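Asker: just need the structure, nothing else, for what follows:
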Amino acid sequence: MNADGSLVRHADGRDRCWWPGTDPLYVAYHDTDWGVPERDDRALFEKLILDGFQAGLSWITILRKRPHFRAVFDGFEPERIVRWDEAKIADLMADPGIVRNRAKIEATIRGARAWLAIQERGSFSTFLWDFVDGTPVQPCLRTRAESPTKTPAAEKMAKALKAEGFGFCGPTIVYAFMQATGMTNDHLVGCFRHAECAALATPR
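Answerer: Numbering: from 1, shown residues only. I've put the predicted structure just below:
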């Protein structure tokens with residue numbers, strides 16, 4: 001670990017951002033998923049919904065539950081989610097494999113409706129990526145202290161998502177979503193993944 005705790009050197013000799021610690025699942029997520037530019041409409045919907053479920057919890061909690069979420073949330077296919085009824089909601093509320101929060105489940109249904117409405121006008125990916133002009137932001141953060149919890153772009157995106165009907169999408173949640181989906185490359189400069197994700201930052 002460096003002096004300010006921002007980077008951690010692992011047994012493989014690589015320096016990584018501090019936040020995954022040494023949990024194998026979290027490290028794998030950091031190395032292969034977080035910060036990779038995502039432009040698939042359905043995948044973006046899934047990530048946004050899961051970030052909403054994270055509210056009040058740690059991401060590793062959601063990450064451990066993600067496979068089961070995918071199984072019982074109909075693969076995060078909005079076309080299927082909009083047909084959920086009270087019986088489906090009751091089944092989900094009884095399922096310990098997910099985060100059992102009725103407000104978040106109901107927000108998922110509203111989000112699916114909003115996603116479909118946006119798709120009719122174009123694409124969810126375009127809608128989101130327009131907030132960064134279609135190209136990943138490269139802040140070149142060097143320390144943990146420089147990493148923000150929200151930005152003006154996240155605030156604008158959060159406001160737009162709420163206007164469309166999404167829930168649990170405040171600026172902090174939305175910024176975490178932007179980091180996860182590579183809209184901003186927030187791997188620290190000293191992390192080996194920074195340069196790899198930067199190389200993926202091609203314009204739309």
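
Asker: from now on I want contacts and neighbour counts done on CA atoms only, so please keep to that.
Answerer: Noted.

Asker: against residue 175, how distant is residue 160?
Answerer: In this view, residue 160 and residue 175 are 13 Å apart by CA to CA, to the nearest Å.

Asker: helix, strand or coil for the most centrally placed residue in the chain?
Answerer: Against the mean C-alpha coordinate of the chain, by CA atoms, centre = their mean, the closest residue is residue 177 at 3.3 Å. Three-state assignment for residue 177 (DSSP: H, G, I helix; E, B strand; the rest coil): helix.

Asker: pLDDT wise, what is it at?
Answerer: pLDDT for residue 177: 98.

Asker: what sits against it?
Answerer: Neighbour list for residue 177: 47, 48, 51 [criterion: CA atoms under 8 Å, 6 or more residues apart in numbering].

Asker: just residue 204 next, same as before
Answerer: By CA under 8 Å, 6+ apart, residue 204 lies in contact with 134, 135.

Asker: returning to what we had before: comparing residue 160 and residue 175, which shows the higher neighbour count?
Answerer: Comparing residue 160 with residue 175 by other CA atoms under 10 Å, the one with more neighbours is residue 175, at 25 against 16.

Asker: contacts only, for that one.
Answerer: Residue 175 is in contact with 149, 150, 151, 154, counting by CA under 8 Å, 6+ apart.
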